[in-house]
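>>> could you look at this predicted model? Sequence included:
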Amino acid sequence: MPREIQNDDDWRSWRDEWQIRPDTVYLNHGSFGPTPRRVRECQQMWQQELASQPMDFFVRNYEPDWLAARRCLAEFVGTRPENLVFLENSTAAMNAVANSFRLGKHDEVLLTDHEYGAVVRIWQRACQAVGAAEPQIARLPPRFESAEQVVAAVFSAATDRTRLLVVSHITSPTAVILPVQEICREARRRGIAVCIDGPHAPAQIPLAIDELDCDFYTASLHKWVSAPIGSGFLYAAPTWQPLVKPPILSWGRLAPAKPTEWWEEFVWPGTRDPSAYLASTAAMDLLAEVGLANFRARSHYLAQYARRQIVALTGLEPPTPDDEHWYGSMASTPLPPGDAKGLQKSLWQDYGIEVPVIERDSRRAIRVSCHLYTTTKDIDLLMNALRGLLRREA
């Protein structure tokens, strides 16, 4: 029997996969996604295999299991396995790109003003290392209307010295789905390489990396895919693969095998627990069982439910249309001026609600993230808390 996206009871069996602490209303999957029960059990199984016979695990079984997990990931994100490597998260993957991409003193890196702060720092350091200018920042429009408008805003800051564009697929502070395929198309026309920062995209929106025609793609799997924390990936287009180096140099492959392909350098980075990578398949299997279209419809409905109520409460319009093309399972909605940190602290301490209140450009917004464990009751509790706290601030 098909589930109704509005009916919490129809989704209760999936909610039970998560064990959210009873004192917590968790609306912050976009920062740290809790791991479902069956995925935790899968990871614990791999850890038990490792602990009970490390030689058997590493020497005989690890590489085939790593390759099998990568095949599953490649199908999930729409590319060939040979274009992917596992890394701990999108930050590690972005560092690998920054350490591999050859910049000259007169080259420029272009980012947008909606990029994640850690990504900005990574490229500041990469530019400083070669004596290049600080990364250039393109200011996106205050109100998003069309893909063409966003593309024009991004490339208004490009110059003939721009070598690389780093752009989010879904922005972290503002939860906006950017038109990255159109951005990549224009970058290709201008001869600019593109690295897409995509930690929020896998599962939240359809993803087929090969269709984007980007040069690099970095992502975490512990967010919307709900794989264990410590699982992410790097995609490199074939043209760039010979230049990509691992952030930690080890054997690459277990001796006596020697790495000959770019990705083989990432298989063995030294002795570590790889269970998060191997258990990521269980998370993808869970979403396949739910149905990705079902997951997206349900989680978008909840994000929209929250966004519309917050807009009704504050009278402040978000920067994007109320459309699934602009936001998915996560919605950022403006709030009246005030103390962002204080409001977030009160929501947690007074009401047990875990949700980020973000200050940006002297304005604050609340970012509500929804997953299969989220209910309309959770959002109703948030709204009751917000009404009281905003009234107290006024």
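Happy to help now that I have it.

>>> okay, now the unreliable bits of this structure?
1-2 (pLDDT under 70).

>>> mind redoing it with 80?
Along the chain, segments meeting pLDDT under 80 span 1-3.

>>> residue nearest the middle of it, spatially speaking?
For the chain, residue 199 is the residue whose C-alpha lies nearest the centre (C-alpha atoms, centre = their mean; 1.6 Å).

>>> just to check, that one is in contact with residue 227?
No - using C-beta atoms under 8 Å, residue 199 makes no contact with residue 227, being 11.8 Å away. Placement of C-beta: from N, CA and C, glycine included.

>>> all strands of the protein, in order?
Secondary structure of the chain (DSSP state E): strands at 25-26, 84-87, 108-112, 136-138, 162-168, 193-197, 216-220, 232-236, 330-335, 353-354, 357-360, 363-369.

>>> which positions in the fourth one come out as buried?
The neighbour-count criterion (16 or more other C-beta atoms under 10 Å) identifies 136, 138 as the buried residues of strand 136-138.

>>> list of residues touching that strand?
Under the criterion C-beta atoms under 8 Å, 6 or more residues apart in numbering, residues 108-113, 153-159, 162 lie in contact with strand 136-138.

>>> residue 96 reaches residue 234, doesn't it?
Yes - Residue 96 lies in contact with residue 234 (C-beta under 8 Å); the separation is 5.6 Å.

>>> residues shared between the contacts of those two?
87, 244.

>>> between these two, which has more neighbouring residues?
Taking other C-beta atoms under 10 Å, residue 96 and residue 234 do not tie; residue 234 has more neighbours (27 against 22).

>>> and the more buried one, how far from residue 260?
Taking C-beta to C-beta, to the nearest Å as the measure, residue 234 falls 19 Å from residue 260.

>>> one more: residue 61?
From residue 61 to residue 260 the distance is 22 Å (C-beta to C-beta).

>>> out of these two, which sits in the busier spot?
residue 61 (16 against 9).

>>> now do that one against residue 236, distance only.
From residue 61 to residue 236 the distance is 26 Å (C-beta to C-beta).

>>> what sits against the residue nearest to the centre of the chain?
For residue 199, counting by C-beta under 8 Å, 6+ apart, the contacting residues are 89-90, 172, 218-220, 223, 232.

>>> could you identify the most distant pair in those residues?
Largest separation among the contacts of residue 199 by C-beta to C-beta: 172 and 232, giving 14.3 Å.

>>> domains of the protein?
8-17+291-393, 42-286 (automatic domain parsing).

>>> could you dump these to CSV with distance to residue 25?
Below are the domains of the chain laid out as CSV (distance: least, C-beta to C-beta, whole Å):
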stretch, distance to residue 25
domain 8-17+291-393, 5
domain 42-286, 18
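
>>> so residue 172 and residue 232 - more neighbours on which side?
Taking other C-beta under 10 Å, residue 172 and residue 232 do not tie; residue 232 has more neighbours (29 against 25).

>>> and that one, what are its bridge partners?
With beta bridges defined as DSSP bridges, residue 232 has these partners: residue 87, residue 220.

>>> that one: what's it in contact with?
86-90, 92-93, 199, 218-222.

>>> chain neighbours aside, what residue packs nearest to residue 14?
residue 372 (4.2 Å; C-beta to C-beta, 6 or more residues apart in numbering).

>>> go on, residue 364?
Among residues not flanking residue 364 along the chain, residue 340 sits closest, at 4.2 Å (C-beta to C-beta, 6+ apart).

>>> before we move on, what about residue 296?
residue 328 (6.5 Å).

>>> gap between that neighbour and residue 224?
Going from residue 328 to residue 224 by C-beta to C-beta gives 8 Å.

>>> before we move on, what about residue 167?
Taking C-beta to C-beta, one finds residue 167 at 19 Å from residue 224.

>>> what's the answer for residue 259, then?
Distance from residue 259 to residue 224, by C-beta to C-beta: 32 Å.

>>> for the contacts of strand 136-138, which one is nearest residue 314?
For the contacts of strand 136-138, the nearest to residue 314 is residue 113 (23.0 Å; C-beta to C-beta).

>>> from memory that closest one sits against residue 142, does it?
No - assessed by C-beta under 8 Å, residue 113 is found out of contact with residue 142, at 10.6 Å.

>>> neighbour-wise, which of those two wins?
residue 113 (16 against 7).

>>> OK, contacts around the more buried one?
137-140.

>>> in the residues you listed, find the pair that's most separated.
Using C-beta to C-beta, these span at most 9.9 Å, a distance reached by 137 and 140.

>>> now for residue 360: which residues touch it?
Contacts for residue 360 (C-beta under 8 Å, 6+ apart) come out as 173-174.

>>> so it bridges to which residues?
residue 363.

>>> how close does it get to residue 116?
Distance of residue 360 to residue 116, given as C-beta to C-beta: 12 Å.

>>> also residue 162?
20 Å.

>>> repeat that for residue 62.
For residue 62 relative to residue 116 (C-beta to C-beta), the value is 32 Å.
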